[in-house]
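# Predicted coordinates and the sequence they were generated for:
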Amino acid sequence: MGSKSDGCEVIAFHTSTGSADTVTFSSIPQTYQHLQVLASISNNDTDKEYTLVHFNGDTTSYGYSIVYGDTSGEPSVMYNSGVAYAYTGWHTNSQSTDTTGRNTYFEMWVPDYSSSSKLGAAIVEFGVFNNNNVGGISGGFHWDSTAAITSITFTCGTGSDNWYGGQGNGYDSTWTLYGWT
Amino acid sequence: MATGDDGLVKIASYTGTTDIFTFSNLSGSPYYRGYKIVGSIQQSSSGTEYVKVHFNGDNDHHVCVYSRTSNSSVSHGKQPASGSGAGFAYIFNGAPGTSYSGFFTPITIDIMGDPSNSAATGYPQAKWLTYLTTSSSYGDIVHNYGGLAYQDIGSLDSIQISTGCYCNWSSGSRWDLYGYIGADDGDLFNAWG
């Protein structure tokens, strides 16, 4: 547990070791009103990868809507429902010359996460750098369950990539979980 | 009004169901450089609705633009400071109704522009982001984001939020208002009392 603040507190912090494709905040205290996650992330590959989110380890039913834009100037939408993960856009890679060090800075809100009568729902917004383009992404997702949210897992795509880390430098992927009172 | 020296304080909450409510007495000390509102909301009728925001109880001087997705399509809109739709800062499709039991829209609203400082020289401004589904089978996935400016220089004393249809909020809806502690007129200690 972090230091006390009137408005919010740090619940937990994680730095990637580079050897895992998932990061989980578990046993989340049910004493806050809302959750916020701020992350600086990239993968260990040479191309962008999906950022997937699961609540309580469940892989049964999520819906999402994510709008993204790049230098083409026109927004596009990724959306789906009844799928096994919450897709929140993608993050950059760490191994291309033009993207090294240009982590994706990710923000996610989970309002009233401890409710046992509401479907889980979250909104996200961030920017991403890929192939020398910068894009903005925003959107949200829901989880078709009213269970209180006690854990959040961030997965690095659907392939074999891991979260970049273990280098001891400022490029290591990090996640901070805040509880808003 | 809460006070503190932690940079961020919780100011107030609204958990009632009345269609119109107001966070008031915001101007003056303690001074905030910005506000964040975090909500989990639903309206007590079927269909989707606007969320409306008025600063200082003013029915004019608001202008907003927004983008809205509906499945793969993206549309844009605006509300002017005068003429049809004047005075409302629409947050499009903010609250699904009771047809979608259990689904509460997550929403954040950030209010900027040194809002509680009477000496501020800029318009109070805001941006928002929401997400919802408009079908009980999740056949229509929507999210909405945008920004507004209140075209009247001065301190922000109140934020009124209402459903677009003036039907009530569903039980379980909640809005929480937080303030980023700042300073007033160069007096760095004023904000801490």
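Ah, there it is.

# remind me which residues of chain B are low pLDDT?
B:1-6, B:84, B:93, B:118-121, B:134-140, B:182-193 (pLDDT under 70).

# ok, now which ones touch the residue of it found nearest chain A?
Nearest to chain A, among the residues of chain B, is B:Tyr131, at 2.3 Å (Cβ to the nearest Cβ). C-betas here are computed from N, CA, C, even on glycine. Applying Cβ atoms under 8 Å, 6 or more residues apart in numbering or on different chains to B:Tyr131 gives the contacts A:65, A:121-123, A:139-142, B:105-106, B:142-144.

# Excluding covalently adjacent residues, which one is nearest to it?
With Cβ to Cβ, 6 or more residues apart in numbering or on different chains as the measure, A:Gly140 is the residue that lies nearest to B:Tyr131, at 2.3 Å, once sequence neighbours are left out.

# And that neighbour, how close does it get to A:Leu35?
14 Å (Cβ to Cβ, to the nearest Å).

# where exactly do the strands run in the chain?
You didn't say which chain, so I picked chain A. Using DSSP state E, the strands of chain A run over A:8-15, A:22-25, A:34-41, A:49-55, A:62-69, A:76-83, A:86-91, A:104-111, A:120-130, A:133-143, A:152-156, A:174-180.

# Let me rephrase: I mean chain B.
Under DSSP E, chain B gives strands at B:8-14, B:20-23, B:32-41, B:51-55, B:62-70, B:73-79, B:89-91, B:105-112, B:125-133, B:141-150, B:159-163, B:174-181.

# Contacts only, for residue 172.
Defaulting to chain A. A:15-16, A:18, A:164-166.

# Switch to chain B, please.
A:115, A:117-118, B:40, B:42, B:104.

# Out of those residues, which comes closest to B:Lys78?
Closest approach to B:Lys78 among the contacts of B:Gly172 (Cβ to Cβ): B:Gln42, at 25.9 Å.

# Spatially nearest residue to that closest one (excluding sequence neighbours)?
Nearest to B:Gln42 is B:Ser170, by Cβ to Cβ, 6+ apart, at 4.0 Å.

# Buried among the contacts of A:Asp172? Need that as a selection in ChimeraX.
Buried residues among the contacts of A:Asp172 (16 or more other Cβ atoms under 10 Å in any protein chain shown), as a ChimeraX selection:
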select /A:15,16,18,164,165,166
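
# quick check, nearest of the contacts of A:Asp172 to B:Ser116?
Of all those, B:Ser116 sits closest to A:Thr15, with 36.9 Å by Cβ to Cβ.

# partner residues bridging the closest one?
A:Thr174 (DSSP bridges).

# I figured it was touching A:Thr174, is that so?
Yes. Shown here, A:Thr15 and A:Thr174 form a contact pair, counting by Cβ atoms under 8 Å, at 5.1 Å.

# Buried ones in stretch B:29-38, by neighbour count?
Neighbour-count burial for stretch B:29-38, with 16+ other Cβ under 10 Å as criterion, is recorded at B:30-38.

# so what strands line up beside the worst-scoring helix or strand of chain A on mean pLDDT?
In chain A, no helix or strand scores lower on mean pLDDT, DSSP states H and E than strand A:133-143, which sits at a mean of 85. Neighbouring strands of strand A:133-143 in its sheet, by DSSP bridges, are strand A:62-69 (antiparallel), strand A:120-130 (antiparallel).

# can I get those in a markdown table with mean neighbour count?
Converted to a markdown table, those look like this (neighbours: other Cβ atoms under 10 Å in any protein chain shown):
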| stretch | mean neighbour count |
| --- | --- |
| strand A:62-69 | 24 |
| strand A:120-130 | 23 |
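
# Would you reformat these as CSV and include mean pLDDT?
Shown next, in CSV, are those (pLDDT from 0 to 100):
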stretch, mean pLDDT
strand A:62-69, 88
strand A:120-130, 89
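
# So for A:Gly82, which of those sits nearest?
strand A:62-69 (6.9 Å).

# Contacts for that closest one next, please.
A:54, A:75-89, A:124, A:128, A:135-144, B:67, B:69, B:71, B:74, B:131, B:133, B:138, B:141-143.

# just the buried members of these?
Judged by 16+ other Cβ under 10 Å, buried ones among the contacts of strand A:62-69: A:54, A:75, A:77-81, A:85-89, A:124, A:128, A:135, A:137-144, B:67, B:69, B:131, B:133, B:138, B:141-143.

# got a list of what B:Ile109 touches?
B:Ile109 neighbours (Cβ under 8 Å, 6+ apart): B:36-37, B:39, B:53, B:91, B:126-128.

# hang on, the earlier thing: from the chain's centroid, how far away is the least confident helix or strand of chain A?
10 Å (Cα atoms, centre = their mean, to the nearest Å).

# quick one: it to strand B:125-133, angle?
50 degrees (axes from the mean of the first three to the mean of the last three Cα atoms, to 10 degrees).

# For strand A:133-143, list the C-alpha coordinates in PDB.
Output of strand A:133-143 as PDB, limited to C-alpha atoms (Å, rounded to 0.1, in the frame of the first residue of the first chain):
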ATOM      1  CA  ASN A 133       3.400   7.300 -36.900                       C
ATOM      2  CA  VAL A 134       1.700   8.600 -33.800                       C
ATOM      3  CA  GLY A 135      -1.800   7.700 -33.200                       C
ATOM      4  CA  GLY A 136      -4.400   8.500 -30.600                       C
ATOM      5  CA  ILE A 137      -6.700   5.900 -29.100                       C
ATOM      6  CA  SER A 138      -9.700   6.100 -26.900                       C
ATOM      7  CA  GLY A 139     -12.600   4.000 -26.000                       C
ATOM      8  CA  GLY A 140     -13.900   1.600 -23.500                       C
ATOM      9  CA  PHE A 141     -15.100  -2.000 -22.700                       C
ATOM     10  CA  HIS A 142     -17.400  -3.900 -20.500                       C
ATOM     11  CA  TRP A 143     -17.300  -7.300 -18.800                       C
END
